[in-house]
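Visitor: missing the sequence, but the structure's below:
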């Protein structure tokens, strides 16, 4: 597993909103510090549909991964944050790329709020907001770890 701070080689990053039934996926660039939701993949008990994920990794060619850790509101570790951390380690092991984690408290709440403002009817099982939550998670990480000016000029 990598250190907390990514190297300058990590430019294109795939982010995840971890879930036990589905996972939101986003892709972002450290140069622009922008991300976009790209997909929602199925999961069974926190284990992703690896075929779906393999196809996304092949298509988007990330340099690394970011997984949101759903801590409790008091900052303590939750069962879900332990499971999300395990998923991050599996990503690293499967793809041989660095995988980072970041506190993702309230990202799903924020995604639902934004979706409601845009007319979402509140049927999150049939119309999930996981991609948007993954985007928020990744944007937070990208803002904390931008590329240095020297790397941007290379």
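Guide: Received the coordinates, thanks. Because the structure is a prediction, the values reported are computed rather than measured.
Visitor: where exactly do the helices run in the chain?
Guide: 50-60, 79-95, 107-117, 130-144, 149-152 (DSSP state H).
Visitor: what's the closest of these to residue 11?
Guide: Nearest to residue 11, of all the helices of the chain, is helix 149-152, at 8.2 Å by C-beta to C-beta. Placement of C-beta: from N, CA and C, glycine included.
Visitor: tell me the average confidence for the closest one?
Guide: Averaged over helix 149-152, pLDDT sits at 51.
Visitor: cool, stretch 68-83 as well?
Guide: On average, stretch 68-83 scores 84.
Visitor: For that stretch, measure first residue to last.
Guide: 11 Å (C-alpha to C-alpha, to the nearest Å).
Visitor: which parts of it are buried?
Guide: Neighbour-count burial for stretch 68-83 flags 68-71, 80-81, 83 (criterion: 16 or more other C-beta atoms under 10 Å).
Visitor: where does this protein dip in pLDDT?
Guide: 1-4, 105-129, 149-154 (pLDDT under 70).
Visitor: switch to 80 and redo it
Guide: 1-5, 71-75, 104-129, 147-154 (pLDDT under 80).
Visitor: what's the longest strand in it?
Guide: Counting by DSSP state E, the longest strand found in the chain is strand 34-44.
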